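> Fold the stuff below for me.
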Amino acid sequence: MDMSSDFDRLLFFEHARRTAEATYAKNPLDADNLTRWGGVLLELSQFQNGSDSKLMVQDAIEKLEEALIVDPKKHDALWCLGNAYTSSAFLIPELDEAKVFFDKAALFFEQAYELEPENDLYKKSLEVASKAPELHVEIHKHGLGQQAMASGPSASTSTKQQSAKKSKSSDLKYDILGWVILAVGIVAWVGFAKSNMPPPPPPR
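Numbering: from 1, shown residues only. The predicted structure follows:
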């Protein structure tokens, strides 16, 4: 993905975040808006480094939990919450600590799937959740987790073989997490589009 499309995505999600904040100010009990807001924050966290990313994911979790207080059966909020806990887990280097977050994520994916069993995305999320700890070990074994936690670019002194291993792990990471991030983006975009539809024409 080139830098201009990343920048366009960043602008889109930043605009969606501001719209969600404004909607929240008018109606803090809008579960759809809270879910959109949480999904947007999760997307924006991908553009952050280290502690900023963690804080944004935590903020997303809070918004999604708020949505579930308003509507406990909101399956898309449950699914987004599973993604948020998965993202949190990958930002934690210690597997034992991360596993707590992976377990929470699996629980939320399962609840979303139980409410919408025909949703293939929820089913796939539940299946992949069981493989997440293994992927976590691979990512942190090859130092990719520390790179994500770094606040700036680092000098590379690795050999070509280490670069190839990191590239394979990176590809695996993006294969599994990419569809999750894309799906969150689609959910946020659809919700954003629905919230900005023009009002119907007045009856004649």
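> would you list every one of the helices in the protein?
Residue ranges of the helices in the chain, as given by DSSP state H, are 3-26, 31-45, 50-70, 75-90, 95-115, 120-129, 132-141, 144-149, 160-195.
> Just want the angle from the fifth one to helix 120-129.
With axes from the mean of the first three to the mean of the last three Cα atoms, to 10 degrees as the criterion, the two stretches helix 95-115 and helix 120-129 enclose an angle of 150 degrees.
> Would you mind getting the angle between helix 95-115 and helix 50-70?
Using the same axes, to 10 degrees: helix 95-115 against helix 50-70 is 30 degrees.
> Check what contacts helix 95-115 and list those residues.
73, 75-76, 78-79, 81-86, 88-90, 92, 119, 122-123, 125-126, 129-130, 132-133, 136-137, 140 (Cβ atoms under 8 Å, 6 or more residues apart in numbering). Where you see a C-beta, it was placed from the backbone N, CA and C, and this is true even at glycine.
> Dump the helices of the chain to JSON lines, plus mean neighbour count and mean pLDDT.
Shown next, in JSON lines, are the helices of the chain (neighbours: other Cβ atoms under 10 Å; pLDDT from 0 to 100):
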{"stretch": "helix 3-26", "mean neighbour count": "14", "mean pLDDT": "90"}
{"stretch": "helix 31-45", "mean neighbour count": "27", "mean pLDDT": "94"}
{"stretch": "helix 50-70", "mean neighbour count": "18", "mean pLDDT": "93"}
{"stretch": "helix 75-90", "mean neighbour count": "26", "mean pLDDT": "94"}
{"stretch": "helix 95-115", "mean neighbour count": "18", "mean pLDDT": "95"}
{"stretch": "helix 120-129", "mean neighbour count": "18", "mean pLDDT": "91"}
{"stretch": "helix 132-141", "mean neighbour count": "17", "mean pLDDT": "86"}
{"stretch": "helix 144-149", "mean neighbour count": "16", "mean pLDDT": "49"}
{"stretch": "helix 160-195", "mean neighbour count": "15", "mean pLDDT": "51"}
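> so Arg17 touches Leu44, yeah?
Yes - under the criterion of Cβ atoms under 8 Å, Arg17 makes contact with Leu44 at 6.4 Å.
> what about His136, distance to Phe102?
According to Cβ to Cβ, to the nearest Å, His136 and Phe102 sit 7 Å apart.
> just Tyr85 next, same as before
From Tyr85 across to Phe102, the span is 7 Å (Cβ to Cβ).
> now swap in Phe13 and tell me
25 Å.
> do Leu68 as well
19 Å.
> How about His75?
20 Å.
> on that earlier part again, hey, what's in contact with both of His136 and Phe102?
Ala89.
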